[in-house]
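Asks: Output the structure for:
(one chain, ligands or ions: 1)
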Amino acid sequence: MENKTAIITGAGRGIGRQIAIRLAEDGFNCALNDLNETDLAETKAMIDKYGVKCVTYKADVSSYEEVENMIKSISDDFATVDVLVNNAGITRDSLLMRMKEEDWDKVININLKSVYNMTKSVSKIMMKQRQGRIISIASVVGVIGNAGQCNYSASKAGIIGFTKSIARELGSRGITANAIAPGYIQTEMTEHLPEDAKQKLSSQIPLGFLGTPEHIASCVSFLAGKDSSYITGQVIHVDGGMAM
Ligand code: NDP
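Replies: As a prediction, this is how the structure comes out:
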């Protein structure tokens with residue numbers, strides 16, 4: 001993957017950081033995005049040992065303007081953009097009856113509008129190149145739903161519909177688009193769940209153990225690499241069998 005470039009959003013910690021490390025290990029140059037510059041610098045330090053080019057970009061991916069500016073800088077800094085990983089995401093959980101409008105809007109904007117912002121901007125470059133891979137991180141709850149997460153599951157189901165539509169639009173330009181639906185993965189996002197919710201979730205995993213960021217990064221590595229060139233419009237479940 002020498003001289004190929006991957007953009008990873010939300011690469012400051014958790015799954016995004018691990019994806020960045022794995023793609024660097026695979027030989028991709030990395031354009032890392034996050035809101036937190038300190039976290040970004042830590043991820044970059046972990047990547048530098050692989051000898052690939054790595055540049056960090058602080059930007060809010062829910063802002064169309066910030067994304068446009070970031071992609072301009074990335075195309076100045078790198079010769080090509082070969083892989084886009086839409087990973088940044090947040091939760092603001094509560095039951096529908098208690099859910100504030102601002103929590104609905106924030107989750108939809110950061111999780112779903114960001115995917116539109118990033119993909120629209122990056123696919124202009126990929127269409128000129130006539131090749132590219134778009135990989136978006138959805139969730140098991142975007143497929144099966146979850147009480148207390150109607151905003152989050154709607155955003156993730158939206159990513160799945162978006163992915164299938166752009167796979168149809170961009171296929172003839174040599175661009176693939178796929179989504180990954182992780183199950184219950186150990187990161188800061190899930191660390192703060194109440195103990196009873198963690199127990200309940202764990203009991204729904206046929207493989208009997210929680211996932212790690214490495215499990216998701218391995219799937220991204222496959223979708224970004226040459227062995228997946230005939231796969232598009234798919235949702236790959238990496239969830240220990242939670243949804244089947
Ligand atoms: P984390 O909360 O650990 O990390 C998310 C990262 O995204 C943080 O670094 C965060 O930055 C960044 N981010 C948040 N908002 C923005 C924004 N507006 N612009 C740029 N970056 C932003 O989450 P995970 O690593 O667990 O999750 C990564 C992805 O995987 C998410 O899309 C999540 O929905 C999905 N997922 C996770 C699962 C899990 O069990 N952990 C299960 C299924 C899906 P900051 O530190 O500044 O907030």
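
Asks: Can you verify my assumption that residue 186 contacts residue 210?
Replies: Yes: with the criterion set as CB atoms under 8 Å, residue 186 and residue 210 qualify as a contacting pair; they are 5.2 Å apart. (C-beta placed from N, C-alpha, C; glycine too.)

Asks: How many residues are close by residue 188?
Replies: For residue 188, the neighbour count with other CB atoms under 10 Å is 8.

Asks: Kindly report the same for residue 38.
Replies: Counted by other CB under 10 Å, the residues lying close to residue 38 total 8.

Asks: how about it, what does it touch?
Replies: Contacts of residue 38 were listed using CB atoms under 8 Å, 6 or more residues apart in numbering, and none were found.

Asks: Residue 185 reaches residue 209, doesn't it?
Replies: No: the pair residue 185 and residue 209 fails to qualify as a contact (CB under 8 Å) at a distance of 11.3 Å.

Asks: More neighbours: which of those two?
Replies: The residue with more neighbours, out of residue 185 and residue 209, is residue 185; 23 against 10, by other CB under 10 Å.

Asks: ok, and the helix or strand in the protein with the lowest average confidence?
Replies: Across the helices and strands of the chain, mean confidence by mean pLDDT, DSSP states H and E is lowest for helix 195-203: a mean of 85.

Asks: Is there proximity between that one and the ligand?
Replies: No: counting by CB under 6 Å from any ligand atom, the ligand has no neighbours in helix 195-203; the shortest distance is 8.8 Å.

Asks: How about the next helix or strand after that helix, which residues are buried there?
Replies: Using DSSP states H and E, the helix or strand that follows helix 195-203 in sequence is helix 213-224. Within helix 213-224, the residues scored as buried using 16 or more other CB atoms under 10 Å are 213, 215-217, 219-224.
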